[in-house]
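S.K.: sequence unavailable; structure follows:
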Ligand SMILES: NC(=O)c1ccc[n+]([C@@H]2O[C@H](COP(=O)([O-])OP(=O)(O)OC[C@H]3O[C@@H](n4cnc5c(N)ncnc54)[C@H](O)[C@@H]3O)[C@@H](O)[C@H]2O)c1
């Protein structure tokens, strides 16, 4: 098996799909690994380390893509990379196809076998390859939100922790899953007053147990969402309906009712976002103002901490990649239901039901 590791080209991306350690493991199992020159540099992994691990360093992207039968990546291919698609290519990466119909069309047209990290399931039905990045995005959402609340950054000038004698900042988090729970942890650590909402009562019970009632937990019905949004300085969007476009849970009217200078960080933007007024932004231009509220919606937040994110991502992808290298891709997919659930496109069709529904495919 020949594995290609191209340099990520999405705006501001710093992660790489393989560490030298993982590369070494794949090489020992018999794979040839082609790493594009400098692919790991923004995560602090040097070409010399990959070479020592047994990889071949290739100078250009077309080599990392074209000479490999399995390409491992972090973010979804950008349109300039569609030219590398071909029927004998297997792609293992985040795809979030419900939000990028053009990419889905290109994968279908070129008959790529595309396995999406975010659709791979563990035996107990969890999403093990989404989880570590959600933890990172959740934690970052509070640190980013706290920074944006500073007056010089266009925010309302609220310090999340406050000081004795003042009201702390108020954080509302919609979605109490992996990213929401970690946002909650950071916000609580900073001393903010936190309200968290979800449709799943068991998630709220877990938060209530963990913080012994210190966090306000609310069922995510429209009335509660409206109240929590109006009352907060920092709103975090953290909902997910797996493989589908994120539901719009915060309306324009709710955003208009927020205090000027309040901040929205919509983590769910990679699935289209869960706030009516949200548009994707980038690391280069991360925010915009709408209805007096600062909006932040970067779809690849973990790139802000490329080293930690690369280590977090690759420790999760490693068992799946090792399985594919050891057994071959077809056998690995037959043997591992959870990995097979990750297949989004194959032989010219969208084969994941929710993705197909979201995009209008059969
Ligand atoms: N922007 C980024 O850089 C980045 C990074 C990682 C993950 N993400 C995204 O963040 C989103 C959340 O991921 P996660 O791992 O936390 O998901 P998760 O499945 O762990 O949690 C999502 C939660 O949303 C809840 N939910 C679903 N519909 C809801 C609704 N209508 N109202 C209220 N709650 C609802 C679910 O019950 C669940 O608890 C995903 O879209 C994921 O792809 C983005």
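M.R.: All right, it came through fine. Just so it is clear, the model here is predicted, and its values are computed rather than measured. Numbering: from 1, shown residues only.

S.K.: let me know the secondary structure of residue 288.
M.R.: Three-state assignment for residue 288 (DSSP: H, G, I helix; E, B strand; the rest coil): strand.

S.K.: for it, list each beta-bridge partner.
M.R.: Residue 288 forms beta bridges with residue 295, as assigned by DSSP bridges.

S.K.: how about the contacts made by it?
M.R.: 279, 281, 294-295 (C-beta atoms under 8 Å, 6 or more residues apart in numbering). Glycine gets a C-beta too; all of them are placed from N, C-alpha and C.

S.K.: can you give me the helices for the stretch 151-300 of the chain?
M.R.: 178-189, 201-211, 222-230, 252-256 (DSSP state H, counting those that start in this stretch).

S.K.: what does this protein have sitting close to the ligand?
M.R.: Contact residues (C-beta under 6 Å from any ligand atom) of the chain with the ligand: 118, 130, 133-134, 137, 174-180, 197-200, 203, 220, 238-241, 246-247, 249, 267-271, 299-302.

S.K.: could you identify the buried members of those residues?
M.R.: Applying 16 or more other C-beta atoms under 10 Å to the residues of the chain next to the ligand, the neighbour count classes 118, 130, 133-134, 137, 174-180, 197-199, 203, 220, 238-240, 246, 249, 267-271, 299-302 as buried.

S.K.: now the residue of the chain found nearest the ligand. Nearest residue, chain neighbours left out?
M.R.: Relative to the ligand, the nearest point of the chain is residue 177 (1.7 Å; C-beta to the nearest ligand atom). Take residue 177 and drop its neighbours on the chain: the residue closest to it by C-beta to C-beta, 6 or more residues apart in numbering is residue 240, 6.1 Å away.

S.K.: give me the neighbour count for the closest residue in space to residue 327 that isn't next to it in sequence.
M.R.: Spatially, and ignoring its direct neighbours in sequence, residue 327 is nearest to residue 335 (6.5 Å; C-beta to C-beta, 6+ apart). With neighbours defined by other C-beta atoms under 10 Å, the count for residue 335 comes to 11.

S.K.: tell me the phi and psi of residue 335?
M.R.: Per-residue torsions, residue 335: phi -80, psi -20 (degrees, to the nearest 10).

S.K.: just name the shakiest helix or strand of the chain by mean pLDDT.
M.R.: Sorting the helices and strands of the chain by mean pLDDT, DSSP states H and E puts helix 353-359 at the bottom, at a mean of 93.

S.K.: output the contacting helices and strands for that helix.
M.R.: Counting by 3 or more C-beta pairs under 8 Å, 6 or more residues apart in numbering; DSSP states H and E, the packing neighbours recorded for helix 353-359 are helix 101-109.

S.K.: packing partners for the helix it packs on?
M.R.: By 3+ C-beta pairs under 8 Å, 6+ apart, helix 101-109 packs against strand 343-346, strand 349-350, helix 353-359.

S.K.: as TSV, the ones you listed with mean neighbour count would be great.
M.R.: Converted to TSV, the helices and strands packed on helix 101-109 look like this (neighbours: other C-beta atoms under 10 Å):
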stretch	mean neighbour count
strand 343-346	24
strand 349-350	18
helix 353-359	18
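
S.K.: list the contacts of the residue of the chain closest to the ligand.
M.R.: For residue 177, the contacting residues are 134, 198, 203, 238-240, by C-beta under 8 Å, 6+ apart.

S.K.: tell me what residue 114 is bridged to.
M.R.: Counting by DSSP bridges, residue 114 is bridged to residue 91, residue 345.

S.K.: correct me, but it touches residue 100?
M.R.: No - using C-beta atoms under 8 Å, residue 114 is not in contact with residue 100; the gap is 11.8 Å.
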